[in-house]
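Novice: Okay, here's the prediction I keep looking at, along with the sequence it came from:
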Amino acid sequence: MTADEALQFLREHQPLPPTREIDEAVLRRFDEVRRFFAAHADDRSVPLLLNSFGEGDGHGVYPLVEDAILKHPESVVVPALLQALGNPAGSVRYWGAQMASNYRRPELVAPLLDLLRKGSVDERMAAVTALEAIGTPESLNGLRAALDGDIQIEVKELIRDALGL
């Protein structure tokens, strides 16, 4: 596999089909691409990888994408995360929030707080975890403010745990 072939595959799968519908051959190829970029870091892959997540966990492959992402400097990853957090696909936003937990960057706070206000339960839970990890006064104050909002009880419980309440 070449970098160009791997990049082309990712361009064609933005995002991948939901896990319950994904063809085994497509998922196998995605895993090959993920492993290729984990071994051969290429900055061009970062936004494509972050925007490739379909609904679900890709039969366990999606969490492994982090290995490829972590090979890159924050200066490459954070702009791609900002893009992923604003993606129309909830699955991309969810996995973007998951990945954001690795980056304690203040510019991630506003889109994560937006996700906390408007996202699905899973997106909100991932946003709470990332905001806790970022740990700035703005992120922690945003978590406190969310307790007064109209959000699911399990999200409120996670926020209370994150804040030590």
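Specialist: Done, it's in.

Novice: okay, CA-based contacts and neighbour counts for the rest of this
Specialist: Will do.

Novice: Give the buried residues for stretch 136-149.
Specialist: 139-140, 142-144, 146-147 (16 or more other CA atoms under 10 Å).

Novice: Okay, and the most centrally placed residue in the chain sits in which element?
Specialist: Centroid-nearest residue in the chain: residue 96, 1.6 Å away (criterion: CA atoms, centre = their mean). Assigned by DSSP states H and E, residue 96 belongs to helix 90-100.

Novice: For the longest helix seen in the chain, list the C-alpha coordinates in PDB.
Specialist: In terms of residue count, the longest helix belonging to the chain (DSSP state H) is helix 24-39. Written as PDB, here are the backbone C-alpha positions of helix 24-39 (Å, rounded to 0.1, in the frame of the first residue of the first chain):
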ATOM      1  CA  GLU A  24     -16.200  -6.700   6.000                       C
ATOM      2  CA  ALA A  25     -13.800  -5.900   3.100                       C
ATOM      3  CA  VAL A  26     -14.200  -2.200   3.600                       C
ATOM      4  CA  LEU A  27     -13.600  -2.500   7.300                       C
ATOM      5  CA  ARG A  28     -10.500  -4.700   6.700                       C
ATOM      6  CA  ARG A  29      -9.200  -2.100   4.200                       C
ATOM      7  CA  PHE A  30      -9.800   0.700   6.700                       C
ATOM      8  CA  ASP A  31      -7.800  -1.200   9.300                       C
ATOM      9  CA  GLU A  32      -5.000  -1.700   6.900                       C
ATOM     10  CA  VAL A  33      -5.000   2.100   6.200                       C
ATOM     11  CA  ARG A  34      -5.100   2.800   9.900                       C
ATOM     12  CA  ARG A  35      -2.100   0.500  10.500                       C
ATOM     13  CA  PHE A  36      -0.200   2.000   7.500                       C
ATOM     14  CA  PHE A  37      -0.600   5.500   8.900                       C
ATOM     15  CA  ALA A  38       0.300   4.400  12.400                       C
ATOM     16  CA  ALA A  39       3.600   3.100  10.900                       C
END
